[in-house]
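Novice: A predicted structure for the sequence below; I have some questions about it.
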Amino acid sequence: MTSLSNGITREKILSINDSLRINNLHKRELNFKFVIIGDFGVGKTSIIGRYTEGQFSTSYKITIGADFALKTLEWDEDTRVNLHLWDIAGHERFGSLTGVFYRHAVAAAIVFDLTRPETYSSVEKWLIDLRRKVHLPGGLPIPVVILANKGDVTVTTLPSQIEDFCKANNILSWFITSAKNNLNIDEAMIRLTNAAIQNHHNLQFPLITDDIISLTDASENNEKMKKCC
Ligand SMILES: Nc1nc2c(ncn2[C@@H]2O[C@H](COP(=O)(O)OP(=O)(O)O)[C@@H](O)[C@H]2O)c(=O)[nH]1
Ligand SMILES: [Mg+2]
């Protein structure tokens, strides 16, 4: 028996690992696709990077191709939630996305940049695109949050009409976020996940599976982008 410096044996660690694995096998897994949309440069990729990798980079990286990142949440004792966060990947410049991008999405975050008011004006356009192209079973709209990003920058003027806009357009909630300072990103995602779980219980919509969310979707999307760009 190998004893490590703190007295815990390697065998003990292996057995803990085993029991974790066995317990996890009993967990129900929910796979949810969330789409993160909004104008170019508002911080979508940074928000996803912060949330899934805990990192922020100031170096500017253009997102190429349709892309998604995975975040796993141990939601409760019985439930694990895998969030597939889809990033627009460059074609936000066209102001509208293909149905493939939205397909099977069960929640969305629309992001704007607090330092560029024109990106707030685009929020409505993104909402219209989203509502036109994706619905829950029965035609219900998918839950949406608005993220007012770059909240770490001091000169920020919050659009005064945002509260009314949310009420009028059935927006779940809005948050001032910062990918740089890790502000409110967890909170916003938890809000969306809660709504998605609720809808899942109420509507029993089919969950995305690996084959549905496969790279064929992404590559199909890429092909379309290549043609249109
Ligand atoms: N200060 C600040 N800069 C940010 C924040 N989020 C993103 N950025 C910067 O804004 C630029 C665009 O971000 P990016 O995530 O590529 O935007 P996207 O085009 O919407 O994916 C990059 O230079 C980021 O470093 C933030 O919360 N605060
Ligand atoms: Mg990007």
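Specialist: Here it is on my side, so go on. Ligands and ions are numbered 1, 2, ... in the order given.

Novice: Ala69 versus the most centrally placed residue in the chain, what's the distance?
Specialist: Note on the chain: the residue nearest the mean C-alpha position is Leu85, at 3.8 Å, using C-alpha atoms, centre = their mean. Distance, Leu85 to Ala69, by C-beta to C-beta, to the nearest Å: 5 Å. C-beta: built from backbone N, CA, C; applies to glycine.

Novice: repeat for Pro143
Specialist: Pro143 is 20 Å from Ala69, by C-beta to C-beta.

Novice: between the two, which one's more packed in?
Specialist: Counted by other C-beta atoms under 10 Å, Pro143 and Ala69 do not tie: Pro143 has more neighbours, with 23 against 16.

Novice: Am I right that the residue nearest to the centre of the chain falls within a helix?
Specialist: No - under the criterion used here (DSSP: H, G, I helix; E, B strand; the rest coil), Leu85 is strand, not part of a helix.

Novice: so it makes contact with Arg50?
Specialist: No - contact criterion C-beta atoms under 8 Å: Leu85 and Arg50 do not qualify, at 11.0 Å.

Novice: Indicate whether the longest helix seen in the chain makes contact with ligand 1.
Specialist: Taking DSSP state H as the criterion, the chain has its longest helix at helix 185-203. No - judged by C-beta under 6 Å from any ligand atom, helix 185-203 stays clear of ligand 1, getting no closer than 9.1 Å.

Novice: by contact count, what packs against that helix?
Specialist: When contacts are defined as 3 or more C-beta pairs under 8 Å, 6 or more residues apart in numbering; DSSP states H and E, helix 185-203 packs onto strand 28-38, helix 44-53, strand 67-76, strand 79-87, strand 105-113, strand 144-149, strand 173-176.

Novice: can you tell me which of these comes nearest to ligand 2?
Specialist: Closest approach to ligand 2 among those (C-beta to the ion): helix 44-53, 3.3 Å.

Novice: now the angle from the closest one to strand 144-149?
Specialist: 100 degrees (axes from the mean of the first three to the mean of the last three C-alpha atoms, to 10 degrees).

Novice: Would you indicate which residues of helix 44-53 are buried?
Specialist: For helix 44-53, a neighbour-count test (16 or more other C-beta atoms under 10 Å) marks 44-52 as buried.

Novice: Go ahead and confirm Ile162 touches Ala148.
Specialist: Yes - counting by C-beta under 8 Å, Ala148 is a contact partner of Ile162 at 7.3 Å.

Novice: ok, these two, which is more surrounded?
Specialist: Neighbours were counted for Ile162 and for Ala148 using other C-beta under 10 Å; Ala148 has more, 23 against 16.

Novice: Got the confidence number for that one?
Specialist: Per-residue confidence at Ala148 stands at 96 (pLDDT).

Novice: Over to Cys229?
Specialist: Per-residue pLDDT puts Cys229 at 30.

Novice: ok, now Ile36?
Specialist: pLDDT, the model's per-residue confidence, is 95 for Ile36.

Novice: tell me which parts of the chain are close to ligand 1?
Specialist: Within the chain, the residues that sit near ligand 1 (C-beta under 6 Å from any ligand atom) are 40-46, 58, 60, 63, 149-150, 152-153, 178-180.

Novice: List buried residues within these.
Specialist: 40, 42-46, 63, 149-150, 152, 178-180.
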